[in-house]
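S.K.: need a structure here:
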Amino acid sequence: MKILVFGKDGQLGKALQHSIEAAVLALPVGSNQPSIQFVGRADCDLSDGVALEALLSRCKPQLIINASAYTAVDKAEDESDLAFAVNARAPGIMAHYAAQHGATFLHYSTDYVFDGAKAGCYVEEDVRNPLGAYGKSKAAGEEAIEAAFANSKQGQYAVFRTSWVYGEGGNFIRTILRLAKDRDALNVIHDQHGVPTSASWLAQFSFDFAVDPSFSIRAFPSGIYHAVPAGETTWYGLASFAVQVALDVGIALKVVPANIKPILAVEYPLPAPRPMNSRMATGKLQNTLVSRGDMSKSQQLHQPWTEGVRAYVTQLAKDGLI
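M.R.: Numbers count the residues shown, from 1 in each chain. Just a heads-up that it's a prediction; the model follows:
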């Protein structure tokens, strides 16, 4: 099987590389080895549609995984053309190729496609209403994928909407822990709600959703799926928990949870608006897994977000990265 993975330099792309390479090592001796190409910005500029089409035609992938995205939420307000090129046009090109050639396409989207005004958890069918340029570009990407497959009788796609991703690279948790070593107190927003999602968890989960241990493609209903761990918190709750875990594993910090002050989002203005509510229900994904008898994967959706964050912070401490 030929696999093409975009976004190798990002948090999710790095996690996918680890997951896929581990799956290859687990193959029985003598098994057919899959052909896997990991693509980064230096390999293919996704804002260049012609170059992207040429790469797809040359590689002829049977599985395309797009973990690449323009994620500079605030800069997107001034670079909307670039954000739309990477987040909307490029996924549309990938989806069109998959639909035309009977390939499987995995893509990742975001809570930012919603306005955050809903009182409860968002479901996949809720109307998109993004607030800023980044969210609008990601919503346009979802729409482009749906349009590419609308009249196709071959190929399949899954768009995994997720939130508050952390992994190998810069992210909110690492920023908080860095600041907690240098400052005596922190102010953190407490009225924006969401679910912290480990890039490693999401990479493993989504890859296993589409590919079995022998590297055969699994069949699944095409569509959008919400993929986050269980539970919910706020940025303040996440910061307090991460700091406490770091203290528990012996990291010396100036800040303790009691010195973290909860503030309102309006007290910390940013160029781009953020959804106040990013909670997403995972019932559709759970039902899909149960219907195909994959109970172990279904149980992974019940894993509390705190488990992933605890493991992540503990590993950062072991690696000397705090």
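
S.K.: What distance do you get for Pro91 to Glu21?
M.R.: To Glu21, Pro91 is 24 Å away according to Cβ to Cβ, to the nearest Å. The way it works is simple: take the backbone N, C-alpha and C, and place the C-beta from them, glycine included.

S.K.: Quick check: Val29 vs His107, distance?
M.R.: 34 Å.

S.K.: Which of these two has more residues huddled nearby?
M.R.: Taking neighbours as other Cβ atoms under 10 Å, Val29 and His107 compare with His107 leading, 27 against 4.

S.K.: I'd assumed Tyr157 was in contact with that one.
M.R.: Yes. If you go by Cβ atoms under 8 Å, His107 and Tyr157 touch, sitting 6.9 Å apart.

S.K.: circling back: ok, Pro91 and Glu21, which is more surrounded?
M.R.: Between Pro91 and Glu21, Pro91 has the larger neighbour count (other Cβ under 10 Å), namely 31 against 12.

S.K.: Find the helix or strand that the more buried one is a member of.
M.R.: Using DSSP states H and E, the element containing Pro91 is helix 90-101.

S.K.: packing partners for that helix?
M.R.: helix 49-59, strand 63-66, strand 104-110, helix 133-149, strand 156-162 (3 or more Cβ pairs under 8 Å, 6 or more residues apart in numbering; DSSP states H and E).

S.K.: For Trp201, what are phi and psi?
M.R.: phi -60, psi -50 (degrees, to the nearest 10).

S.K.: per-residue pLDDT, Lys60?
M.R.: pLDDT, Lys60: 97.

S.K.: What is the three-state secondary structure of Phe215?
M.R.: With DSSP: H, G, I helix; E, B strand; the rest coil as the basis, Phe215 sits in coil.

S.K.: OK, contacts around the closest residue to it other than its chain neighbours?
M.R.: Closest residue to Phe215 apart from its sequence neighbours, by Cβ to Cβ, 6 or more residues apart in numbering: Pro34 at 4.8 Å. Shown in contact with Pro34 (Cβ atoms under 8 Å, 6 or more residues apart in numbering): 1-3, 24, 215.

S.K.: Equivalent analysis for Ala99, please.
M.R.: Ala99 touches 148-149, 152, 154-155, 157, counting by Cβ under 8 Å, 6+ apart.

S.K.: Low-confidence ranges, the stretch 101-250 of the chain, go.
M.R.: For the stretch 101-250 of the chain, no stretch has pLDDT under 70.

S.K.: For it, which segments count as strands?
M.R.: Ranges of strands in the stretch 101-250 of the chain, per DSSP state E, counting those that start in this stretch, are 104-110, 156-162, 165-166, 186-189, 193-194, 197-198, 223-226, 233-234.
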